[in-house]
Structures are given as structure tokens and as C-alpha cells.
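Peer 1: I would like to see how this sequence folds:
(2 chains)
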Number of protein chains: 2
Amino acid sequence: MTQPSPSRLDRQMDFLMEIDRLKSVHRATKLADGTRRENSAEHSWHVALFALTLAEHAPQGIDRARVIEMLLLHDLVEIDAGDAPVYGNHDASAVAEAERKAADRIFGLLPEDQGAHFRAIWEEFEAMQTPEARFAKSLDRFAPPNMNIANGGGSWAEYNVDFGTFQANVGMKILQGAPALWEWIAPRAKAVIDRLREGPKP
Amino acid sequence: MTQPSPSRLDRQMDFLMEIDRLKSVHRATKLADGTRRENSAEHSWHVALFALTLAEHAPQGIDRARVIEMLLLHDLVEIDAGDAPVYGNHDASAVAEAERKAADRIFGLLPEDQGAHFRAIWEEFEAMQTPEARFAKSLDRFAPPNMNIANGGGSWAEYNVDFGTFQANVGMKILQGAPALWEWIAPRAKAVIDRLREGPKP
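Peer 2: Numbers count the residues shown, from 1 in each chain, chains lettered A, B, ... in the order given. As a prediction, this is how the structure comes out:
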């Protein structure tokens, strides 16, 4: 809380204007009304609201503010590395390497102490070793199926996803961080996925 | 942290899916790259990041987590009431009435205790009587001029804004909550506004 030097604020502003580009990174998931794909900035806002609203479904004693910080920061690396859709085929180690380089550049815009702090929050999220990170990751996985249910299929239709794939790629992470949310979504997701797969093929 | 009943989670999910509509509410401000207007959901994410990054410019002892909660929630009423651009001509009491009705409906989707809690956070933001609310409001006013500077004029050009109007409508609120940020932006904004007004009229 010391008075910052002008150059410290300059660097913070460089970072804040650079991250505006996250508003132009698009995801596989569509809006609830199905009109367009969502971008990673508005998704980050939405999952932060999930954290605020669903905090009571987290393990007791969790640091709610850090969960929200994680979710606000979690997709910044996509400015350089792009979004890797959860049902897509990716070289996981290539994605991880691209995201590490992105983190170097983007968090590197900040004053050194602050860049290291934000990067540690992002790394905590990715590592999923703390209750906060597991809960944050479960919300990041929980939001998109709710969008798919609302818009009648979304990325499940696009990637021709069956319930087993949904369970493996998405359900496991929801279950690890927020069992009550998995219990809530599983039957709802199954009903939509089964209906999509029984329907006429395009 | 008690185990919620299913109907409590149902109501929370109704709220979370309804607020997806904030991604379709557009603002006068354009993205930093000028390609399109920003929406109120991605703006809310961006100002929450301003709060996280610029926390050291807030008054000492401020509750940073509540500032971020305010900024995540502050525009939800626009789902029904729309965005009222800061340089537009509005009937302030009509806007306030529309926003109160919107708050009734939107926060009313939640379980009663939680709806009352979120609404109190929004009302605290609007009233600007606490240091947290003043700092949050200053960031909400500080972000858009930075976008205008980045994209070469933005809403200043559109509304033909002079520096006095900028000071009165925007500067005063930045100054009240975060004097260091006003000091930083004032000369930068003046340079762009003066250049716009000296330039050829369209």
C-alpha cells in the first residue's frame, strides 16, 4: 500500500490494456440463447459469478476471494495460446508449452512482484492441488454444459459427444471439486446428450 | 455452508443462466482495438481485473474482495434497464426506477437471503458512501477513457465530448475514489480529446 512510482502504474496499465484482447478470443461454447460463441473474457466473468453464487457448495473453509481471483485470471494465457476446446484433439504438452510462454509474456508486463503473484495464482489453478483450485476448475467445467443444455446441444452437438466422453472430460473435474454440482448436472446433461444422439444425423 | 436443498441450487442456477444475457447488452465504449462495442459482461470482467491489479491505489484497509464482488454484480440491472451511456441525455430518475425494478426481478431469482445479500452489494456500489464503493465506481469510470485513448477517440468522438464534460461526468468520480488514477489519466485524456476537437469535423 506504498505510494507507487509512475512507472509501476504505467506497467499495470500496459497489462490492463493488453488483456482487453481476451474479449476477442472465442470458445467452442455458445451463449445460452445460442446466437453466437462466447468469448473468454465474458466466460471469465460468468464463472466468477458462478463462484460467488455457488460458494456454499464448496468445501468448508475455502478462501472464496482466491477462487474468484483464479477464475478472473485463468484464461489470460489464451490471448497468445488460444482456447483449446475440451472435446478437441490437442497435443497436451504443446498446449501447456504455448500457455507457459504466454504466461511469461503477459504476466511479464506487470511490475515483477505483481506478475509473479498473478502467475502463482494461475499456476495454482492449473495444478489443481488446493481445494480452491479444485473448486475453481470444477466451476470452469460446470458452466459450459449448462450453456449446452440451455441452447439445446451446443458443443456436444458440434463434437458429437456421448455421455461417457462428457463424464471423462468434464464430469470427473466437476466431481472432484464440487460433488453436489455434478449430481445436479449429470441427469440433465444425459437427457440432452441422449436426445441429440438419438436424433436424425445431419 | 449447510448442505443446500435441491430447490436452493435450482434457484441459483436460474439466476446464473438468466445473467448470461448481460453478454448481449452493449455499451457506448469500443474495444481497445476499436473493432466493436464492448458488452457489459466482458466490461465487468475487465473492471474486476482493474480492481485486482490496481488495489494498491485504493485507500489503505479497503476490503478488496468486496470491491471485486461489487464490480462483478454492478451491471446486472442492465439486462432489463439497458446501459445508459455516461455522455448521453437520460432522465436520471427514470433510469434509477428501471434499475430498481430490474434488481427486484433479477436478484429475486435467487434464494431470498442470497438475493438480499447481492442486492445490498449493488446498492452499496450505487450509493458510493463506503470507501469500497467509491473505489469500485472510480474504476468503472476509469476503464472506458483508457479504451477511448487506445482506439483513438471512441465515445468521446461519438458524443463530441470536451475536456470539461469529461472532467464533470467522469473525472470527478475517478478523483473521489482513486486520486492517483485521475492524475495519471487526465493529461492523457486531454491530449486525445483536444486533438479530436481540433481535427476536421465529419
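Peer 1: average pLDDT for stretch A:151-164?
Peer 2: Mean per-residue pLDDT for stretch A:151-164: 94.
Peer 1: got the phi/psi numbers for residue A:37?
Peer 2: phi -70, psi 150 (degrees, to the nearest 10).
Peer 1: beta partners for it?
Peer 2: As for beta bridges, residue A:37 partners with residue A:30 under DSSP bridges.
Peer 1: ok, now how distant is it from chain B?
Peer 2: 11 Å (CB to the nearest CB, to the nearest Å). In this view, the C-beta of every residue, glycine as well, is placed from N, C-alpha and C.
Peer 1: what about that residue, distance to residue A:29?
Peer 2: 7 Å (CB to CB, to the nearest Å).
Peer 1: ditto for residue A:97
Peer 2: 24 Å.
Peer 1: check which helix or strand residue A:60 maps to.
Peer 2: Under DSSP states H and E, no helix or strand contains residue A:60.
Peer 1: all strands of chain A, in order?
Peer 2: Using DSSP state E, the strands of chain A run over residues A:26-30, A:37-39.
Peer 1: now render the ones you listed as JSON lines, adding distance to residue A:127.
Peer 2: As requested, these are exported to JSON lines (distance: least, CB to CB, whole Å):
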{"stretch": "strand A:26-30", "distance to residue A:127": "22"}
{"stretch": "strand A:37-39", "distance to residue A:127": "26"}
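Peer 1: save these as CSV, and put in mean pLDDT and mean neighbour count too.
Peer 2: Output for the strands of chain A, formatted as CSV (pLDDT from 0 to 100; neighbours: other CB atoms under 10 Å in any protein chain shown):
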stretch, mean pLDDT, mean neighbour count
strand A:26-30, 95, 20
strand A:37-39, 97, 20
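Peer 1: and the helices in chain A?
Peer 2: A:6-18, A:40-53, A:64-73, A:78-81, A:92-107, A:112-127, A:131-151, A:154-158, A:163-166, A:172-177, A:179-198 (DSSP state H).
Peer 1: picking that back up, wait, which of the strands of chain A is closest to residue A:166?
Peer 2: For the strands of chain A, distance to residue A:166 was read as CB to CB. The smallest value, 13.4 Å, belongs to strand A:26-30.
Peer 1: now for the closest one, which elements pack on it?
Peer 2: Packed against strand A:26-30, as judged by 3 or more CB pairs under 8 Å, 6 or more residues apart in numbering or on different chains; DSSP states H and E, are the following elements: strand A:37-39, helix A:40-53, helix A:131-151, helix A:154-158.
Peer 1: start and end of stretch A:58-72, how far apart?
Peer 2: 18 Å (CA to CA, to the nearest Å).
Peer 1: same question for stretch A:104-111.
Peer 2: In stretch A:104-111, first residue to last residue: 13 Å (CA to CA).
Peer 1: how far does that stretch sit from its chain's centre?
Peer 2: A distance of 20 Å separates the C-alpha centroid of stretch A:104-111 from that of its chain, computed with CA atoms, centre = their mean, to the nearest Å.
Peer 1: ok, now stretch A:114-127?
Peer 2: Worked out by CA atoms, centre = their mean, stretch A:114-127 lies 14 Å from the chain centre.
Peer 1: check which residues of that stretch are buried.
Peer 2: The neighbour-count check on stretch A:114-127 (16 or more other CB atoms under 10 Å in any protein chain shown) flags A:114, A:115, A:118, A:119, A:121, A:122, A:124, A:125, A:126 as buried.
Peer 1: please apply the same query to stretch A:71-80.
Peer 2: Buried, per 16+ other CB under 10 Å, within stretch A:71-80: A:71, A:72, A:73, A:74, A:75, A:76, A:77, A:78, A:79, A:80.
Peer 1: on that earlier part again, output the helices of chain A in a markdown table, with distance to chain B appended to each entry.
Peer 2: Putting those into a markdown table (distance: least, CB to the nearest CB, whole Å) gives the following:
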| stretch | distance to chain B |
| --- | --- |
| helix A:6-18 | 5 |
| helix A:40-53 | 4 |
| helix A:64-73 | 4 |
| helix A:78-81 | 12 |
| helix A:92-107 | 11 |
| helix A:112-127 | 7 |
| helix A:131-151 | 6 |
| helix A:154-158 | 12 |
| helix A:163-166 | 18 |
| helix A:172-177 | 13 |
| helix A:179-198 | 6 |
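Peer 1: this completes my enquiry, with thanks.
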